[in-house]
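K.L.:
after the sequence you'll find the predicted model.
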Amino acid sequence: MPKDPFRTRDHVADFDDIVADFVARSAATRATLPMAGDLAYGDGKAEKLDLFFPSNRGSNLPVHIFIHGGYWRMFSKADYSHIADTVTKAGAIAVILDYALMPEVRLAAIVEQVRRAKQWVLDNIASHGGDPGRISVSGHSAGAHLATFLFEKTPVPSSIHAALLLGGIYDLEPLRTSFLEPLIGITGEEAAAFTPMTRQHDPGVAVTIMTGDQETPPFHRQAARFATRLRAQGLAVNDLCLRQRNHMDSVRDLGIGGTQAGDCLIGVIESTRG
């Protein structure tokens, strides 16, 4: 039987080692960086976020929101605290989000949660030293999918200046017949409603779409199609293929300075300075 191209574990031999590494890095980040943890952006038990601050904390700092992946069904913000190492190195406040997981909730609820988290940032980040006029966002895998809902064209301007999408899912229909079917059971209605490829996005946002060169073919095809779609909507898009990187070590690199992905994240944050 051929391997499912969406089942990451089948294609990343050291999957568990990479996860263990960035979980350990994240624990170290929480122990060393100034932070405000488990701030509620809503009433649900999963509706929490962590803020991480540069050591030379000031005022009117750029702000970067990161959304983790895991096919909407696994991982948490605590696993990805290490992304804040790169964000704070760029002189920005890092916002690392949690959200409820499938199948306990459906996609509609998760999308509304990340939108609610963005609104919390817009309403509250100034009191933590951040500039709500200089917000960027990134996400990995399912988190990249969710990040797209933060820079849609309507109903109001997105207030997002730049986005970095890594190893993202931009067309949900193929997942309905993947290994995920018995685990989260994405419905036809959900695929139609929450596929970024069919939605309208804010033309004022500069988007970087990154894919590891060792990702499976569907990730490359979806990235290319989504880049074309965004350009057709007037967005500035930068395509980047990460050298010798797969679906998991690419996201680890986001939190490591000097890596291709980490340096790209710094560039995205610095682009919000105008």
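P.N.:
Cool, got the structure. Numbers count the residues shown, from 1 in each chain.
K.L.:
which residues in the stretch 151-274 of the chain form strands?
P.N.:
Secondary structure of the stretch 151-274 of the chain by DSSP state E, counting those that start in this stretch: the strands cover 162-166, 206-212, 236-242.
K.L.:
what's the most buried one of the ones you listed?
P.N.:
Each of the strands of the stretch 151-274 of the chain was scored by mean neighbour count; the highest is strand 162-166, a mean of 28, by mean count of other CB atoms under 10 Å. Backbone N, C-alpha and C define where each C-beta goes, glycine included.
K.L.:
which neighbouring elements make contact with that one?
P.N.:
When contacts are defined as 3 or more CB pairs under 8 Å, 6 or more residues apart in numbering; DSSP states H and E, strand 162-166 sits against strand 130-140, helix 142-147, strand 206-212, helix 249-254, helix 260-270.
K.L.:
how far out from the middle of the chain is the first one?
P.N.:
Here strand 130-140 shows a centroid-to-chain-centroid distance of 11 Å under the convention CA atoms, centre = their mean, to the nearest Å.
K.L.:
cool, and the second one?
P.N.:
Helix 142-147 has its C-alpha centroid displaced from the chain centroid by 5 Å (CA atoms, centre = their mean).
K.L.:
that one - what's its average pLDDT?
P.N.:
For helix 142-147, mean pLDDT is 98.
K.L.:
which other residues reach that helix?
P.N.:
Identification of contacts with helix 142-147 by CB atoms under 8 Å, 6 or more residues apart in numbering yields 65-72, 99, 110-111, 114, 137-139, 163, 165-170, 172, 194, 196.
K.L.:
if we go to 6 Å?
P.N.:
Applying CB atoms under 6 Å, 6 or more residues apart in numbering, the set of residues contacting helix 142-147 from outside is 67-69, 71-72, 114, 137, 139, 163, 165-166, 168-169.
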